[in-house]
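S.K.: just the structure for this:
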Amino acid sequence: MLNPWIATIAVTDEKLPPQETLLQEMRNVPGYGRPEFLCLDDLACMEDWYVFRTPNATLFVMLQPTDESFLSQDDLISACRRAWHWPAAGQEISRMRRQVAVAVQPTDDTLDALDVALLTTHLASAVMKPTDAVGIYWHASGKIMQPADFIRKSEGTNRRTLPVDLWVDFRLEPHPHEQTISFGTFGLERFSLPELEVPHCDRPPRWVLDWLFNLSHSVLENGVELEHEQTFGMSEEEKFYVTREPASPEMGRSGGNVLRVHFEEPG
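M.R.: Reported below is the predicted structural model:
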């Protein structure tokens, strides 16, 4: 069976929004280019969980018991600590009373990873709109996000307009003693693509993040990974390159290879 895509929503509510509210919100999502994507039928409905169905996937929404949270407190704390994009993450998450797990389980190979990620994104957004959500955790990347920001960036997304920064965590590891920063992506691997890293870089952080975002969007949109020592750039005058190398220890990965991005002219 194919692995499900999962997001966990931190809420202050004690119950789920009405099932029909979620179904109506999902039916209003345009832009998939696949009519069957929105053919949602009731499969099951209980007080603390709903299950919906499309011809190629099953959608789950479950309110977690307070003593059986799907997402551990340690994982939440770690995600909040590295959330440079949301400084108030820890303070907001402390208001959480319950967790809502949303998941999309493909039932065959008709939907590819982009389809399922989009469906999971819009399902999570549909759940958060009528609830008092205080944060959302994307399991494929370990990223915690502000609900309003997630909802806004999910609007109008489709296979031609991908919400890359909702799916990929762009992490920073500063090295103050040498005035450099290591950068790394988390989340591309879920799409069967190698993660990107830029270790000990002295270029402006926003400049590097913009490049990593553009590279991530390019490989996701085209479904093609960069090859070892392949060059890239916005013009003939500005060419960089990548190499396939072991992951840098400071990014906290468990091993494996990544694509190391070199922001200098290839030798």
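
S.K.: low pLDDT regions in the stretch 101-250 of the chain?
M.R.: Within the stretch 101-250 of the chain, the stretches with pLDDT under 70 are 234-237.

S.K.: all strands for it, in order.
M.R.: Along the stretch 101-250 of the chain, counting by DSSP state E, counting those that start in this stretch, strands occupy 133-138, 143-145, 169-175, 180-186, 196-201, 231-235, 238-246.

S.K.: make JSON lines from those and add mean neighbour count and distance to His122 to it.
M.R.: Bear in mind the C-beta positions are built from the backbone N, C-alpha and C, glycine included. As requested, the strands of the stretch 101-250 of the chain are exported to JSON lines (neighbours: other C-beta atoms under 10 Å; distance: least, C-beta to C-beta, whole Å):
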{"stretch": "strand 133-138", "mean neighbour count": "24", "distance to His122": "13"}
{"stretch": "strand 143-145", "mean neighbour count": "26", "distance to His122": "15"}
{"stretch": "strand 169-175", "mean neighbour count": "18", "distance to His122": "20"}
{"stretch": "strand 180-186", "mean neighbour count": "21", "distance to His122": "22"}
{"stretch": "strand 196-201", "mean neighbour count": "20", "distance to His122": "26"}
{"stretch": "strand 231-235", "mean neighbour count": "12", "distance to His122": "31"}
{"stretch": "strand 238-246", "mean neighbour count": "15", "distance to His122": "32"}
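
S.K.: okay if I get those as JSON lines plus distance to Asn3?
M.R.: As requested, the strands of the stretch 101-250 of the chain are exported to JSON lines (distance: least, C-beta to C-beta, whole Å):
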{"stretch": "strand 133-138", "distance to Asn3": "15"}
{"stretch": "strand 143-145", "distance to Asn3": "18"}
{"stretch": "strand 169-175", "distance to Asn3": "19"}
{"stretch": "strand 180-186", "distance to Asn3": "17"}
{"stretch": "strand 196-201", "distance to Asn3": "22"}
{"stretch": "strand 231-235", "distance to Asn3": "30"}
{"stretch": "strand 238-246", "distance to Asn3": "25"}
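
S.K.: so which of these comes closest to Glu264?
M.R.: Closest approach to Glu264 among those is made by strand 238-246 (6.9 Å; C-beta to C-beta).

S.K.: kindly export that closest one (C-alpha atoms) in CSV.
M.R.: Written as CSV, here are the backbone C-alpha positions of strand 238-246 (Å, rounded to 0.1, in the frame of the first residue of the first chain):
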residue,chain,number,x,y,z
GLU,A,238,25.8,33.5,-13.9
LYS,A,239,26.4,29.8,-13.7
PHE,A,240,26.6,27.6,-10.6
TYR,A,241,26.7,23.9,-10.2
VAL,A,242,25.7,20.9,-7.9
THR,A,243,27.5,17.8,-6.7
ARG,A,244,26.1,14.7,-5.2
GLU,A,245,27.8,14.2,-1.8
PRO,A,246,27.1,12.8,1.7
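
S.K.: tell me the helices and strands packed up against that strand.
M.R.: strand 231-235, strand 257-262 (3 or more C-beta pairs under 8 Å, 6 or more residues apart in numbering; DSSP states H and E).

S.K.: what comes up buried for stretch 115-131?
M.R.: By neighbour count with 16 or more other C-beta atoms under 10 Å, stretch 115-131 contains the buried residues 115-128, 131.

S.K.: which among those residues gets closest to Ala88?
M.R.: Closest to Ala88, out of all of these and judged by C-beta to C-beta, is Met128, at 17.1 Å.

S.K.: surely that closest one is in contact with Ile136?
M.R.: Yes - taking contacts as C-beta atoms under 8 Å, Met128 lies within contact range of Ile136: 6.7 Å.

S.K.: shared neighbours, the two?
M.R.: Common contacts of Met128 and Ile136 (C-beta atoms under 8 Å, 6 or more residues apart in numbering): 9, 147, 150.

S.K.: please tell me how far the last one sits from Pro176.
M.R.: For Phe150, the distance to Pro176 under the criterion C-beta to C-beta, to the nearest Å works out to 31 Å.

S.K.: out of these two, which sits in the more crowded spot?
M.R.: Phe150 (23 against 7; other C-beta atoms under 10 Å).

S.K.: ok, now which ones touch that one?
M.R.: Phe150 touches 124-125, 128, 136, 166, counting by C-beta under 8 Å, 6+ apart.
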